[in-house]
Each structure stands twice: as structure tokens, then as C-alpha cells.
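Asker: take a look and give me a structure for this.
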Amino acid sequence: MIPYGKQDISAADIAAVNAVLSSDFLTQGPKVAEFEQALCAYTGARYCLVVASGTAALHLAVAAMELPEGSEGITTPNTFAATANSMAYCGIKPVFADIDPISYNLSPSSVSARITPATRLLSPVHFAGQPADMPALSLIAKKHGLKIIEDAAHAIGSRYSDGSPVGNCLFSDATVFSFHPVKTITSGEGGAVMTNDPVLYQRMLLLRSHGITKDPALLSQQSGPWYHEMQTLGWHYRMTDMQAALGLSQLQRLNLFKARRRTLVAQYNQALAELPWLKTPQEMEGFSSCFHLYVVEIDYAAIGKSRRQVMDSLMADGIGTQVHYIPVYHHPWYREQYGDKTGSCPVAERYYQHCLSLPLYFTLSDEEQSHVIQAIQRLAR
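Answerer: This is a model prediction of the structure:
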């Protein structure tokens, strides 16, 4: 079976985790700080917190901004629900702007059209690893006094058009990564928040661990070495040292992972370009994407098959596929909470009707990819 995505765990990764298992610390130990420092070195951001998941990272970032309840935050419907959920957790109403038909990322013009006096936050998603148009989005945010959280769950290793790495926070207040097993690097489960803002960093640091601090400089009294204070209502969002060791080991191969993914994408594009009923993804000029997904658009009517029939046919050939994504506002909870928004983002809705993610991961062999390509080419026969 060829899945649409999976992790690659090396002997070095296993050795790194085993070393932690033999150490004095399984959690709250030195590997967490090492992983954070390595992520700062890779991205150029000043601060990093590694956490239990990408969702936890998003929630921490939004919560630490202390935006008033009833505010609005703009994001894309073409994402996993966690992006918008992180706003809803904090009493912020998610508002969905439409996507660009080429990059499938947030359209700056649609964002501008959705801004109201209640808008306080903008959260673009770097879909499939392709960075959103952050220069344009940051200008919009500055004009309207908005905070920006980049959801870069798909995009560690990607670079903006100026050549700088995603995660440096030059265009945003915070950037979030995910290390789920289908992502480019994994820590099993896990995530990270990058920022250059020391105040935001300190708030997130407190919220990550129950709102509790032992820092003598922050305590209201000095009672002894055991003393600690819960200064706000936080969460248990810490990452273990075992996860951090795995993530740190995987990070050392990130450039290797990126090179292979880009080779596979180029091979897909070349082989599938001549199919008149299929649209291959296009990398935006000047960007360097560490592709997390390989998403095509298929004209199902033109080949006389439904998407379900196509997915079943590919599965029969031993090929797993997936759909990224159902527009978030189509989910029942969002319809119940915020009303039926069908028709509000027509480009995203049209894209959803046609999209399909094909297998893409580091260990996908050329032979396996050829099998996928041949199965796709046979769909119209």
C-alpha cells in the first residue's frame, strides 16, 4: 500500500530517543531546550516554544495575544479545522476569506474585503508548503492594526520570495509549526511557536505549563526553593524530551527531506502536465516550497467518474489519496455556531470539488511514483 504521506524514522532517530530513555529526564529536561535552540538557529527567529501539538501551538499564540472576546479573526477555509478552532477557543469569531486560485492560499484582496471594525487577527496558512503572500498580508495587517499568526504547519523548510526561511517572523507576530507524522519532520506529535516578541514569548511560556512559574523574578513572594505560583489559567501543553530528541534528530535531515520532496513534485508535474482534465500545482515565482502535499485538481465530469470512484479505483491499485480540505465553514459545528456560509468563498468551494492529494513523502521511490502516475493516467480510459 502506498499511503498519501508517512514519516521516515532512521537509526539515528531511534538512537536519539533511546538515549533519552536511558537518561534522567523523560520530560522537562535538556532536549526540549536544545530543540528550541535548533529551531531558532534554522529559522532565525529570536524565541521558540515547542509544545504538545500544532493545535496547542496555535491556541497558545492566540491566547497570549489577549485579544478581547468578540473580536474577529480572518483565516482561510482551505485548512484543517485547528486554525479556526484556535480563535474559537479564545472567544474570537473566525471569518473566512477566499483563496487564490493558483497558490490555494489566502487572497489578499479577499482579506481586505472581510475586515470590519471588530477584526483584530489575521492567520494565513501556508497551504501544502507554499508560503502565502506575506508581504501583501503584512501590509494589510499594519494598515488595520491586526496581529498576524502564520500557520506554517505545512511549511517548515520553505522560503519566502526574499529567500528567508518561513518561521523567521519578519512578517508576523508568531509562526506555528506542526510535527505530526505526515509532516516533513516529526516528533511523533508536537508543534512549535516561533516569535521575535519577548512579551508574547513570556506569556506563552507561562500558559504552556498551567500558568505556573518558578522564576524568582516573577514571583510575588520568596518563600523557598519549593515555591511556585499559578499566575494565570494555563494548560499542560509541554513537549516531552523523547519527542524533542526525535524532532531534533529529524531537523538535521530537513534539507534532505526537502530536496527529495521537490524532486518528486517535479517528476509528478512533468508526467501529468499533458492530461487535459488534471491541473498540477504551481509554485509561486521566487518561493522555495518544502512541499508537504502534492494536490492536483481533477475535472471529474470530464473523465466520467466521481471523486469517490477515483479514490476507490486508486485504492484498488494500492494507492492511498486524501482530500485537503473540506472548507472549514462546511463542518456542522461551524454552521451551528456561525451560520451557513456556503457561497462566501467561491474559489475555495470550487477548489474543494476538484482537489485530490496524491502520495508524497521522503521514502516514496521512483518506481512507486511511476505506479501512481500510470494509475492516474489510466483514469480517463
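Asker: which SS class is the residue of the chain most remote from its centre?
Answerer: Ranked by distance from the centre of the chain (C-alpha atoms, centre = their mean), the top residue is residue 223, with 42.6 Å. When classified by DSSP: H, G, I helix; E, B strand; the rest coil, residue 223 comes out as coil.
Asker: can you tell me how far it sits from residue 229?
Answerer: 10 Å (C-beta to C-beta, to the nearest Å). Yep, even glycine has a C-beta here, placed from its N, CA and C like the rest.
Asker: then residue 69?
Answerer: Noted for residue 69: a distance of 25 Å to residue 229, by C-beta to C-beta.
Asker: if you count surrounding residues, which of the two has more?
Answerer: residue 229 (15 against 8; other C-beta atoms under 10 Å).
Asker: quick one: the strands in the stretch 101-250 of the chain, in order.
Answerer: In the stretch 101-250 of the chain, the segments counted as strands under DSSP state E, counting those that start in this stretch are 119-123, 147-151, 174-178, 191-195, 212-213, 229-230.
Asker: so what does the third one touch, helix or strand wise?
Answerer: Meaning strand 174-178. helix 54-64, strand 147-151, strand 191-195 (3 or more C-beta pairs under 8 Å, 6 or more residues apart in numbering; DSSP states H and E).
Asker: residue 285: which of the ones you listed is closest?
Answerer: Residue 285 lies closest to strand 147-151 among these, at 20.0 Å (C-beta to C-beta).
Asker: quick one: the closest one to chain centroid distance?
Answerer: Put simply, strand 147-151 sits 11 Å off its chain's centre (C-alpha atoms, centre = their mean, to the nearest Å).
Asker: identify all contacting residues around that strand.
Answerer: Contact partners of strand 147-151, identified using C-beta atoms under 8 Å, 6 or more residues apart in numbering, comprise 58, 61-62, 65, 67, 75, 79, 83, 120-126, 132, 134, 137-138, 141, 166, 169, 171-176.
Asker: for stretch 99-112, same thing?
Answerer: 74-78, 97-98, 122, 124-128, 130-133, 136-137, 140, 281-282, 284, 295, 345, 347-348, 351.
Asker: with stretch 3-15 instead?
Answerer: 181-182, 186, 246, 249-250, 252-253, 257, 292-293, 320-322, 357-363.
Asker: in helices only, show me these.
Answerer: 246, 249-250, 257 (DSSP state H).
Asker: which one of the residues you listed is nearest residue 326?
Answerer: Within these, the smallest distance to residue 326 is 27.3 Å, found for residue 257 (C-beta to C-beta).
Asker: restricting to C-alpha, output the host helix or strand of residue 84 in CSV.
Answerer: Using DSSP states H and E, residue 84 sits in helix 82-89. Taking Å, rounded to 0.1, in the frame of the first residue of the first chain, the C-alpha atoms of helix 82-89 are listed here in CSV:
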residue,chain,number,x,y,z
ALA,A,82,-7.4,23.7,14.1
THR,A,83,-6.5,27.1,12.6
ALA,A,84,-10.0,28.5,13.1
ASN,A,85,-10.6,26.5,16.3
SER,A,86,-7.7,28.3,18.0
MET,A,87,-9.7,31.5,17.5
ALA,A,88,-12.9,30.0,18.7
TYR,A,89,-11.2,28.6,21.9
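Asker: having no further points to raise, I will conclude here.
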